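1. would you be able to build a 3D model of this:
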Amino acid sequence: MPAHSRRTFLATGSLGYAALTSTALAGFSTSPPAPRPGTAPDESYPTTPAARAQEFVGASHFNMERVEAMLAEDSGLAKAAWDWGFGDWETALGAASHTGQIAIVELLIAHGARPDLFTLATLDRIDAVRGILESVPNADALEGPHSISLYRHAAAGKAARVMEYLDANGLNPPNPFETDPEAAEPLVGTYAWSLAEADRFEVVWFDRFTCLQLKRAGGVARNLIPLGDSRFSPAGARHVVLSFTHEGERATQLLVPQIGGVLSCARVTG
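-> Model (predicted):
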């Protein structure tokens, strides 16, 4: 190759390489990316807002379409949990499990949700259920969210093998909320701890489970588990014991445990 041709080739090649390199590196800048327009983050960011966790856990009971839409926005919601009251924590997976929503269960697990004994019962994983019950002390006494039994989880999932095993081992407990209507009637009413409308509990009768329920304004009703002597535990929170005091036939006061003491609520109606 003549000298001038070689010089021309090298010069042209160098320019081509420089252009190619410049083009290839154009998308790799060491400068920070330009901010995108948007709204300010929620004050809880980067923690998931409580209302969003509650919505997702609620939807996981029955609403596949909403669950899919929310997971598309944030797959971390698959591990969401919500306290329905008094420490009655429920995960999204727990919600889908005790309602027998197998498709939602499988979707949540695919997104990282952590199966537990109750999910395994819903899915009829008999070997896993048997292994836990026979190797973990007191596992047979565990309750799921809202004090829902292991047997009821299996029944929700139509898990025939697990139901048969639990029946054979006497692990099909009765309804824990069953309450004598005559004993409950004097307790029904409204109890308040201040003059504010929001600072009160409603105690009502719930026919479906033949039990009393406790509800704060704007909150979710909690089934009550009778303990005797006008004492009760809220669903999913047997560590909590609330009690009624009487003057004559009707209850006049409701005592509700809280951190640091007891909330004393006087009867105002009923």
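2. next secondary structure after the helix or strand of the chain with the lowest mean pLDDT?
-> The helix or strand of the chain with the lowest confidence, counting by mean pLDDT, DSSP states H and E, is helix 3-24 at a mean of 45. Sequence-wise, the next helix or strand downstream of helix 3-24 (DSSP states H and E) is helix 50-59.
3. tell me which element Ala184 is part of?
-> Per DSSP H and E: Ala184 is located in helix 181-184.
4. where does Glu197 land in three-state SS?
-> Assigned by DSSP: H, G, I helix; E, B strand; the rest coil, the conformation of Glu197 is coil.
5. what's around it, how many residues?
-> 8 (other CB atoms under 10 Å). C-beta: built from backbone N, CA, C; applies to glycine.
6. you'd agree it is up against Arg216?
-> No. Under the criterion of CB atoms under 8 Å, Glu197 is not in contact with Arg216, lying 11.2 Å apart.
7. I'd say Met70 and Ala78 touch.
-> No. Met70 sits out of contact with Ala78 when judged by CB under 8 Å, with a separation of 9.5 Å.
8. now for those two: what residues contact both?
-> Counting by CB atoms under 8 Å, 6 or more residues apart in numbering, no residue touches both Met70 and Ala78.
9. quick one, phi psi at Trp84?
-> phi -80, psi -10 (degrees, to the nearest 10).
10. in three-state terms, label the nearest residue to it once chain neighbours are set aside for me.
-> The shortest distance from Trp84 to any non-neighbouring residue, by CB to CB, 6 or more residues apart in numbering, is to Val220 (5.5 Å). Here Val220 is coil, with the state taken from three-state DSSP.
11. what's around Lys215, how many residues?
-> Neighbour count of Lys215, defined by other CB under 10 Å: 15.
12. same deal with Thr269?
-> Residues within reach of Thr269, counting by other CB under 10 Å, total 10.
13. hey, what's it bridged with?
-> On the basis of DSSP bridges, Thr269 is bridged to Thr190.
14. ok, it touching Val188?
-> No. Counting by CB under 8 Å, Thr269 does not reach Val188; the two are 10.0 Å apart.
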